[in-house]
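> Need the 3D shape of this:
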Amino acid sequence: MIKSYILIFSIALIVAILVTPFSIFLARRWGAIDYPGGRRIHQQPIPRLGGLAIYAAFWLAVMLTQRWENQYWGLFLGSTVIFLVGVWDDIKGIRPLIKLFGQILAAVILVLYGFSFSFQSLPLFAKISNLGVYGIYLGAFLTVFWVVGLVNTINISDGLDGLAAGICFGAALLLFWSAYRTGQIPSSFLTLALAGATLGFLFYNFHPARVFMGDSGSMFLGYLIGGISIMGLLKTATVLGLVFPLLVLALPLTDMVFAIIRRKWKGISIAKADRGHLHHRLLDAGLSQRTAVFLLYVISACFGIAAVLLTEGYLLEGLVLFLAELVLLVYIFLRRYVYLLKINNKRNS
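This is a model prediction of the structure:
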């Protein structure tokens, strides 16, 4: 079993390392270039089709090492749809509504292949399990909401060199630990393939980045994390199995929640990008890109440790660590607002 784990991780890692230069070539050929300006931090044009390498590395590793199951088809078809939507956006640029439609379509494919929240083994949702067909519809709706939410969570975190790839690498390893611990063999292999693919890409994406993953990569990663976590939840339907991925991804989830609140407060569309994300605030505070990324890695890792502590029964320690990290993030977000208020008060006085 250990040799099989090493094999799938190694194949994904090596393929990502070998294919990423080809994705850079195609990005330049097809015009998938991220130019400086606006809220963008980089100073030179950067190819943004790295998702091609992540996609190829993950699925090639799975195809070469795994016995194909029916649910694998759901993941493959759905992830291919969302990957192609991302490629289209990276090359041509598409409207947010069309992108959202593509995300929903990809999530519905999972539902059609049996990926759906089941409430029958969750004590807190015992009443829902008695709703019959309405419970099935609710489970399908929550599945689509879950997947689309995680797709946009990872997408919104892709703001600094190596940030999204590093967070997803850590998340994949933690999800592997959870799957292995509970005997979810297919999920454990898939998460290791995901970890290998992101690590291989990270060699080219860490600062100074030679390529960005683009929407083709960030949406693909979010989709896989969402789909694989549901796949594991079907095998071990527990409340902790539902919460664990949220704890692991608490950093980008918090960033997304504050982005929605911030944009609503300003009266702009929640789909409109701005320069108020967590990584922007760290850069505005004087941190370099590398320092900011490493700090966010540490914060993300601490959320992961909190998830592990809670899983292992260390409820007090895990909760204290989680709340401490949450307070730190809130402080970073609010610090900028206090600074702006002081400037406005000085101007008005």
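> What residues of stretch 14-22 count as buried?
By neighbour count on 16 or more other C-beta atoms under 10 Å, the buried set for stretch 14-22 is 15, 16, 17, 19, 20. Using the backbone N, CA and C atoms, a C-beta is placed for each residue, glycine as well.
> Tell me the one of those residues nearest residue 194?
residue 16 (10.6 Å; C-beta to C-beta).
> Using the three-state scheme, assign that closest one.
helix (DSSP: H, G, I helix; E, B strand; the rest coil).
> and the closest residue in space to it that isn't next to it in sequence, how many neighbours does it have?
Leaving aside its sequence neighbours, residue 16 sits nearest to residue 200 (C-beta to C-beta, 6 or more residues apart in numbering; 2.6 Å). Residue 200: 27 surrounding residues under other C-beta atoms under 10 Å.
> if I pick the most centrally placed residue in the chain, what's in contact with it?
For the chain, the residue nearest the mean C-alpha position is residue 154 (3.2 Å; C-alpha atoms, centre = their mean). Residue 154 makes contacts with 164, 167, 168, 218, 219, 221, 222, 225, 249, 252, as judged by C-beta atoms under 8 Å, 6 or more residues apart in numbering.
> Kindly report the same for residue 247.
Residue 247 makes contact with 303, 304, 306, 307, 310, 322, according to C-beta under 8 Å, 6+ apart.
> burial count for the last one?
Here the number of neighbours of residue 322 (other C-beta under 10 Å) works out to 19.
> where along the stretch 201-349 of the chain do the strands fall?
With DSSP state E, counting those that start in this stretch, there are no strands along the stretch 201-349 of the chain.
> which ones are touching residue 204?
Shown in contact with residue 204 (C-beta under 8 Å, 6+ apart): 20, 21, 24, 50, 210, 211.
> Farthest-apart pair in the residues you listed, please.
21 and 50 (10.4 Å).
> Just give the nearest non-adjacent residue to residue 86, would you?
residue 216 is the one closest to residue 86 (C-beta to C-beta, 6+ apart), at 3.3 Å.
> quick revisit: in CSV, list the buried residues of stretch 14-22 along with pLDDT and distance to residue 330.
Formatted as CSV, the buried residues of stretch 14-22 follow (pLDDT from 0 to 100; distance: C-beta to C-beta, whole Å):
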residue, pLDDT, distance to residue 330
15, 97, 40
16, 97, 35
17, 97, 38
19, 97, 40
20, 97, 36
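> Determine which two of the residues you listed are furthest apart.
15 and 20, at 9.3 Å, using C-beta to C-beta across these.
> shared neighbours of those two, which are they?
Contacts common to residue 15 and residue 20, judged by C-beta under 8 Å, 6+ apart, are 53, 200.
> how about the helices of this structure, start to end?
Secondary structure of the chain (DSSP state H): helices at 2-30, 51-65, 70-91, 96-112, 133-157, 163-181, 185-205, 214-235, 239-248, 250-266, 278-284, 289-311, 315-348.
> between those, which gets nearest to residue 43?
Among those, helix 289-311 comes nearest to residue 43, with 11.0 Å by C-beta to C-beta.
> List the buried residues in stretch 257-268.
258, 259, 262, 263.
> And stretch 205-216, by the same measure?
Here stretch 205-216 shows 205, 206, 207, 209, 211, 212, 213, 214, 215, 216 as buried, counting by 16+ other C-beta under 10 Å.
> Please name whichever of the residues you listed scores lowest on pLDDT.
Among these, residue 207 has the lowest pLDDT, at 84.
> Quick check on that residue: phi, psi?
The phi/psi pair for residue 207 (degrees, to the nearest 10) reads phi -60, psi 130.
> and it, what does it touch?
160, 161, 162, 289, 290, 293.
> Many thanks, we can stop here.
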